[in-house]
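Asks: Model the following, please.
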Amino acid sequence: MSQLSELLSPSTILLDADAADWREAIRRSGELLVSTGATDPAYTEAMIRTVEEHGPYIVIAPGFALAHSRPDESVHRTGMSFVRLAEPIAFGNAANDPVTLVMALAAADSSAHREALAALAGVLADPARRSLLDAARTREDVLAALAADGAGPGERSAEDSRAGAEAGTDTGSGTGAMVDADAVPSKKLLLTVCGNGLGTSLFLKNTAEQVLERWGWSSHLDVQATDTISAKGRAKDSDAILTSGAIADTLGEVGVRVEVIENFTSQAEIDAALRRIYAV
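Replies: Next up is the predicted model:
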C-alpha cells in the first residue's frame, strides 16, 4: 500500500463535508489537492468539465466517485484526496448513485499512480474495508482503513470468490479455450476506456487482469487502458471494449463489441462480461 499512502495524507482527507451537488463535491476534493500544492484551481474545474463532457462515468462503484482529468500544466505532482460527504449526492449514475465517497486523482504522468489505483481497487472490493471508510471518525482512521489487511488488489470479495468457484472449471487454459468454434479468432487485445485513459480505465484494467489471471489467460490477452479518442481509432484492433454506460454512449458505434460495466471493482461482473465476449 506504499503508493497509496504516499499519495494520500491527513491534509488531503476531509470527513463529513457539505456539498450542494456533484460539482461542489468535486470542488471540495479539488480544493484539498490545491491546498497541498499538488494542483492549481484550474485542475479542479477540468475535473468538473470531464463529467460535463462524458457523463458521470467517474462513479465506478456503489457510492464511490473517482474524480480526475488529463495531466496538464495545472498538475504539479501526482496526488490524491479523499472526501466523505455529510449527505449522499446523486451524480447521475443510476447504477451507483448516490455517492458518499469522492476521491480526486491528479496524475503528473500516465504511470506514477497505477499501483495506488490497484491498491484502492482492492479496498473498495472488500466490504469490510469499505465499511471502515464509511465509519471512519478521523483522518487517521481513513489512512488505517486503506492500509489495513484485507482482500487487497489480488484477492476478492465473497461475491467474487463464489463467482470464481462456480466458474473455475469452465475456462481452461491456452488459446484454444479462448473462443468457441463459431467465434471470430481473438486479436488478443482488450481495451478499457474512460474519458482520459488515466483513472477509471486503469481501475477497470486492474480488475479485468485479476479475472484473467484467475482464468489462466494472462499470457493470452493484453488489457490496455485508453481514452475515448484513442479507443475509436484502436477499437477494430481489439476483441472488445470494457467501459461505463456514459462512455459507451460517447463512443457510439466503433465496430467491435462494447461491454458496459457498472461496478469497476466487481470481478464477478467482469467475469460475466468476459464470458459473453469469449463464449466460455
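Asks: need the longest strand for the chain.
Replies: Longest strand of the chain, by residue count under DSSP state E: strand 79-89.
Asks: hey, which helix or strand in the protein has the poorest pLDDT?
Replies: Of all helical and strand segments in the chain, the minimum by mean pLDDT, DSSP states H and E falls on helix 158-167, at a mean of 48.
Asks: How is the closest residue to residue 59 other than its chain neighbours assigned, secondary-structure-wise?
Replies: If the residues on either side of it in the chain are set aside, residue 59 comes closest to residue 93, at 3.8 Å by Cβ to Cβ, 6 or more residues apart in numbering. From N, CA and C alone the C-beta is placed, and that goes for glycine too. Assigned with DSSP: H, G, I helix; E, B strand; the rest coil, residue 93 falls in the coil class.
Asks: do you know how far residue 93 is from residue 252?
Replies: Between residue 93 and residue 252 the distance is 19 Å, computed by Cβ to Cβ, to the nearest Å.
Asks: The two: who's more crowded?
Replies: When neighbours are counted by other Cβ atoms under 10 Å, residue 93 and residue 252 differ, and residue 93 comes out ahead with 23 against 9.
Asks: what sits against the more buried one?
Replies: Applying Cβ atoms under 8 Å, 6 or more residues apart in numbering to residue 93 gives the contacts 56-57, 59, 244-246.
Asks: export those residues to JSON lines and tack on distance to residue 72, secondary structure and pLDDT?
Replies: Converted to JSON lines, those look like this (distance: Cβ to Cβ, whole Å; DSSP: H, G, I helix; E, B strand; the rest coil; pLDDT from 0 to 100):
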{"residue": "56", "distance to residue 72": "22", "secondary structure": "coil", "pLDDT": "95"}
{"residue": "57", "distance to residue 72": "20", "secondary structure": "coil", "pLDDT": "93"}
{"residue": "59", "distance to residue 72": "23", "secondary structure": "strand", "pLDDT": "96"}
{"residue": "244", "distance to residue 72": "23", "secondary structure": "coil", "pLDDT": "94"}
{"residue": "245", "distance to residue 72": "27", "secondary structure": "helix", "pLDDT": "94"}
{"residue": "246", "distance to residue 72": "22", "secondary structure": "helix", "pLDDT": "92"}
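Asks: most surrounded residue in the residues you listed?
Replies: residue 59 (31 neighbours).
Asks: for that residue, which residues make a bridge with it?
Replies: Beta-bridge pairing for residue 59 (DSSP bridges): residue 65.
Asks: partners of the helix or strand just after the least confident helix or strand of the chain in the sheet?
Replies: Going down the chain from helix 158-167, the next helix or strand is strand 189-194, by DSSP states H and E. Strand 189-194 has the following strand partners under DSSP bridges: strand 222-227 (parallel), strand 240-243 (parallel).
Asks: So which residues make contact with the longest strand of the chain?
Replies: Residues contacting strand 79-89 (Cβ under 8 Å, 6+ apart): 4, 7-8, 12-19, 21-22, 25, 28-30, 32-33, 36, 38-39, 63, 97-106, 113, 116, 133-134, 136, 142.
Asks: Return the angle between stretch directions for the helix or strand just after it and strand 79-89.
Replies: Once the chain leaves strand 79-89, the next helix or strand it forms, by DSSP H and E, is strand 99-106. For strand 99-106 against strand 79-89, the angle by axes from the mean of the first three to the mean of the last three Cα atoms, to 10 degrees is 160 degrees.
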